[in-house]
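K.L.:
sequence and predicted structure, then a few things I'm wondering about:
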Amino acid sequence: MATISVEEENYVRMSLLLTGISPRAVRIKFDLEFHPTGLDASLKKEYNKLSELKRKKIISESQWNVLFPRFPDVPDSRYFDVSLMLTLLRNLATLTPPRGGFDRLPPVIEISTEADLARIKYYRNYLAHLSDGKIDTTFFNTAWTDITEAIDRLGKMKQECDHLKTKPLDQTNREIMMDIKRSYDEIKELKKSFKSLKRSHELLQGKHENVEKSNELLQENYKKVKISNALLQEQNTEVRKAHELLQEDYMKAKKNVEEIMALPQITEFRNTKAREEEERRRTEEIITEIQNMRKRIRIEGCVIT
C-alpha cells in the first residue's frame, strides 16, 4: 500500500484528535450546562430561539432532527456533533465570550472555558478548509499543544492526546482519514455546485419576479386603457346624441323657414322683387341697345345730340 508523507500523517493525527477526542471533552462541558436528564425540557423551553437559529441556517436540518427526534425518542447529547454543542452553548448557556469572540483563535494566555471552546472550534474549521490534506510540522506541534491543553482543561484527557501523538498509525487509520479527506473535498465541490445552482435559482427567481411585476404593470395599464375606452365610448355616445339633437333642431328650423316662405305676404314680396328685377334687367338691355346704336351712328359719321 502507498505510504503517506509526514505532513499527511500530521493531518491524520490532528483529524483523529479533533474528531475523536475533542467532541468528548466538549460534551463534558455541555452536559454540565444541560444535564442529560433535563435536556429534552431545556430544548423545548428554548424552541422559539432554536427555530430562529434554524431559520438563519445556523442549525442544519439534520441537527434539528437530532434536537427534536420523533416520539418516543428523546434528544441525547451523545449524538450531538461538536458544531451543534458549541452552537447551543453559545446561544442558550450563560457563557462569557472570549475577548476576540467565539470565531477567532484566543491567545495562549486566555484559558477560560469559553476560550477553550473557541480554540476547538477554530482548529476544526481550519482542518475542514485545508485543500491538500497536509499540515506543516511546525504548525502541527504548536496547534497540537494548544488543542490538547484545551481538551485537558475541559475533560482531563491529556494522556490520551499524548498517546495519539506518538502511537504508530496503522494503515487502516491512514486510509480512513484520507478517505475522509477525499470526502471533505467532494463535499466542498458539492457545496460549490450547490451555491452556483442557488445563485442561478436566485437570478431566475429575480427574473421571474421582474416578469411578474411587468405583468402586473401590463394588467394595470390594460385596466386603465379599458377605463379610457369606456370613457371614450360614453363621450362618443354623448356626441352622437348631441349631433342628433342638432339635426332635429336644424330640420325644425328648416321647416319653419319653409312655412314662413310659403306665407302670402312673403310670396307677394318675392313676386314684386321678381318684377322689379325683371324691369331692371329690361332697362339695362334698352340702355345697352341705345349705346350700341350710337356707336354705329358715330361710325357712319353722324352725331346724335
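P.N.:
Sure thing, it's come through.

K.L.:
which residues does Ala150 contact?
P.N.:
Going by Cβ atoms under 8 Å, 6 or more residues apart in numbering, Ala150 touches Ala25, Ala115, Asp116, Arg119, Ile120. Where you see a C-beta, it was placed from the backbone N, CA and C, and this is true even at glycine.

K.L.:
could you redo the last one with a cut-off of 6 Å?
P.N.:
By Cβ atoms under 6 Å, 6 or more residues apart in numbering, Ala150 lies in contact with Asp116, Arg119.

K.L.:
check Ala93 too.
P.N.:
Applying Cβ under 6 Å, 6+ apart to Ala93 gives the contacts Glu33.

K.L.:
can you classify Tyr123 by secondary structure?
P.N.:
helix (DSSP: H, G, I helix; E, B strand; the rest coil).

K.L.:
now it. Nearest residue, chain neighbours left out?
P.N.:
Ile147 (5.6 Å; Cβ to Cβ, 6 or more residues apart in numbering).

K.L.:
what is the burial count for the one you found?
P.N.:
23 (other Cβ atoms under 10 Å).

K.L.:
the host helix or strand of it - what's its average pLDDT?
P.N.:
Per DSSP states H and E, Ile147 falls inside helix 137-155. Average pLDDT, helix 137-155: 94.

K.L.:
export the next helix or strand after it as CSV, just CAs?
P.N.:
Note on helix 137-155: by DSSP H and E, the next helix or strand toward the C-terminus is helix 158-166. Output in CSV follows, covering the C-alpha atoms of helix 158-166 (Å, rounded to 0.1, in the frame of the first residue of the first chain):
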residue,chain,number,x,y,z
LYS,A,158,-4.1,14.9,28.1
GLN,A,159,-2.7,11.4,28.5
GLU,A,160,-4.9,10.1,25.7
CYS,A,161,-3.9,13.1,23.5
ASP,A,162,-0.2,12.5,24.1
HIS,A,163,-0.6,8.8,23.2
LEU,A,164,-2.4,9.7,20.0
LYS,A,165,0.5,12.0,19.0
THR,A,166,3.2,9.3,19.3
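
K.L.:
buried sites along helix 158-166?
P.N.:
Judged by neighbour count using 16 or more other Cβ atoms under 10 Å, the buried positions of helix 158-166 are Glu160, Cys161, Leu164, Lys165.

K.L.:
out of those, which comes closest to Lys134?
P.N.:
When the buried residues of helix 158-166 are ranked by distance to Lys134 (Cβ to Cβ), Lys165 comes first, at 17.1 Å.

K.L.:
break the chain down into its domains, please.
P.N.:
6-169, 263-305 (automatic domain parsing).

K.L.:
just how off-centre is the first one within its chain?
P.N.:
The gap between where domain 6-169 is centred and where its chain is centred comes out at 35 Å by Cα atoms, centre = their mean, to the nearest Å.

K.L.:
endpoint to endpoint, that domain covers what distance?
P.N.:
In terms of Cα to Cα, to the nearest Å, the two terminal residues of domain 6-169 are separated by 12 Å.

K.L.:
relative orientation of the helix holding Ile147 and helix 158-166 in degrees?
P.N.:
Angle, helix 137-155 to helix 158-166, by axes from the mean of the first three to the mean of the last three Cα atoms, to 10 degrees: 160 degrees.

K.L.:
put the alpha carbons of helix 137-155 into PDB.
P.N.:
Taking Å, rounded to 0.1, in the frame of the first residue of the first chain, the C-alpha atoms of helix 137-155 are listed here in PDB:
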ATOM      1  CA  THR A 137       5.200  20.000  11.300                       C
ATOM      2  CA  THR A 138       6.000  23.300  13.000                       C
ATOM      3  CA  PHE A 139       2.300  24.400  12.800                       C
ATOM      4  CA  PHE A 140       1.300  20.900  13.800                       C
ATOM      5  CA  ASN A 141       3.300  21.000  17.100                       C
ATOM      6  CA  THR A 142       2.100  24.400  18.100                       C
ATOM      7  CA  ALA A 143      -1.600  23.600  17.300                       C
ATOM      8  CA  TRP A 144      -1.400  20.200  19.000                       C
ATOM      9  CA  THR A 145      -0.200  21.800  22.200                       C
ATOM     10  CA  ASP A 146      -2.900  24.400  22.100                       C
ATOM     11  CA  ILE A 147      -5.600  21.900  21.400                       C
ATOM     12  CA  THR A 148      -4.600  19.200  23.900                       C
ATOM     13  CA  GLU A 149      -4.300  21.700  26.700                       C
ATOM     14  CA  ALA A 150      -7.800  23.000  25.900                       C
ATOM     15  CA  ILE A 151      -9.100  19.400  25.900                       C
ATOM     16  CA  ASP A 152      -7.300  18.600  29.200                       C
ATOM     17  CA  ARG A 153      -8.900  21.700  30.900                       C
ATOM     18  CA  LEU A 154     -12.300  20.700  29.600                       C
ATOM     19  CA  GLY A 155     -12.100  16.900  30.100                       C
END
